[in-house]
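A.B. asks: everything below, folded, please.
(chains A and B)
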2 protein chains.
Amino acid sequence: MQQALTQARLAAEAGEVPIGAVIVKDGAVIAAAHNRPRGLCDPTAHAEILALRAAAKALGQERLEGCDLWVSLEPCAMCAGAIAHARIARVYYAAPDPKGGAVAQGARVFDQPQCLHRPEVYSGMGEVEAADMLREFFRARR
Amino acid sequence: MQQALTQARLAAEAGEVPIGAVIVKDGAVIAAAHNRPRGLCDPTAHAEILALRAAAKALGQERLEGCDLWVSLEPCAMCAGAIAHARIARVYYAAPDPKGGAVAQGARVFDQPQCLHRPEVYSGMGEVEAADMLREFFRARR
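C.D. replies: Residues are numbered from 1 along each chain as shown, chains lettered A, B, ... in the order given. So this is what the prediction gives:
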């Protein structure tokens, strides 16, 4: 999770909402990314999406079976859907997101009968640091 | 919708699940794409995601206000979330998707309080053609 938080810090330094993600397979980080919708001019460029795409490219396969995703904030509906499509085995997220989360609240994407793959989900590790970073980012911009 | 169905046909010819999407702004098509997760080795490469990314690049902005998305199948949770992030004004989809849809069923992404932008949604135009194409694709692969 520390590496996901480091990615989140990189996002903040680039003026993007500080969210970071890494993907791990067999104990090794195979992809790391931070939120970049503004920089890439891409509404889908959340940390998770960029990490999933990079990991799929690295492995040469569209499905990431046996891979874990670590992310600093609860995934939104778009990212949760992508995580399911990619067949990610385990999702670890730091802070819950009452405003946009779609795992433990809202759309609860993994709990729907239409969800074809449900990863194991764990949360809370690094929560304070991740939430503080987001709060500080938005406070500085108000 | 005919152009979205043409894109779906291109997907089938490439061995991808036949789903196509186009994005229209001020009466002009600014992006067209078909489903390509296998070809691009990218679990996020649904027709809608590729079309949204291409349109954002074409316009030089991450938000697609005033743009309409036409797609041959009801969007999944990932694509519905991306449509909301992109601020698409209107979504027109041909066939409903009981197995993976997240607009009129399942996650119902646009109906969640966490959804920050809800497009107008219309469906049914081209439904028979879109559904036939999908049925034929999967039948030929059985």
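
A.B. asks: which parts of chain A are helices?
C.D. replies: Ranges of helices within chain A are A:2-13, A:37-40, A:47-59, A:77-85, A:127-141, based on DSSP state H.

A.B. asks: tabulate these (a markdown table), appending mean neighbour count and distance to chain B.
C.D. replies: C-beta: built from backbone N, CA, C; applies to glycine. Shown next, in a markdown table, are these (neighbours: other CB atoms under 10 Å in any protein chain shown; distance: least, CB to the nearest CB, whole Å):
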| stretch | mean neighbour count | distance to chain B |
| --- | --- | --- |
| helix A:2-13 | 19 | 14 |
| helix A:37-40 | 16 | 5 |
| helix A:47-59 | 24 | 5 |
| helix A:77-85 | 30 | 3 |
| helix A:127-141 | 14 | 15 |
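
A.B. asks: mind putting the ones you listed into CSV with mean pLDDT?
C.D. replies: Shown next, in CSV, are these (pLDDT from 0 to 100):
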stretch, mean pLDDT
helix A:2-13, 97
helix A:37-40, 96
helix A:47-59, 98
helix A:77-85, 98
helix A:127-141, 95
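
A.B. asks: closest to B:Ala58 out of these?
C.D. replies: helix A:37-40 (13.8 Å; CB to CB).

A.B. asks: contacts made by that closest one with the rest, please.
C.D. replies: Residues outside helix A:37-40 that contact it (CB atoms under 8 Å, 6 or more residues apart in numbering or on different chains): A:14-16, A:43-46, B:62, B:85.

A.B. asks: switch the cut-off to 7 Å
C.D. replies: For helix A:37-40, contacts defined as CB atoms under 7 Å, 6 or more residues apart in numbering or on different chains pick out A:14-16, A:43, A:45, B:62.

A.B. asks: what of stretch A:113-128?
C.D. replies: Contact with stretch A:113-128 is made by A:1, A:5, A:72, A:83-84, A:87-96, A:103, A:109-110, B:99-102, B:105-106, as judged by CB under 7 Å, 6+ apart.

A.B. asks: again with stretch A:87-101
C.D. replies: A:1, A:63-76, A:83, A:104-105, A:117, A:119-123, A:125-127, A:130-131, B:114.

A.B. asks: I figured A:Ala31 was touching A:Ala58, is that so?
C.D. replies: Yes. Here A:Ala31 reaches A:Ala58: they are 6.1 Å apart, a contact under CB atoms under 7 Å.

A.B. asks: can you check which residues contact both of these two?
C.D. replies: By CB under 7 Å, 6+ apart, no residue touches both A:Ala31 and A:Ala58.

A.B. asks: so what's the residue count around the nearest residue to A:Gln2 once chain neighbours are set aside?
C.D. replies: Closest residue in space to A:Gln2, ignoring its immediate chain neighbours: A:Gly126 at 7.3 Å, by CB to CB, 6 or more residues apart in numbering or on different chains. The local packing of A:Gly126 (other CB atoms under 10 Å in any protein chain shown) involves 20 other residues.

A.B. asks: right, I'll leave it there.
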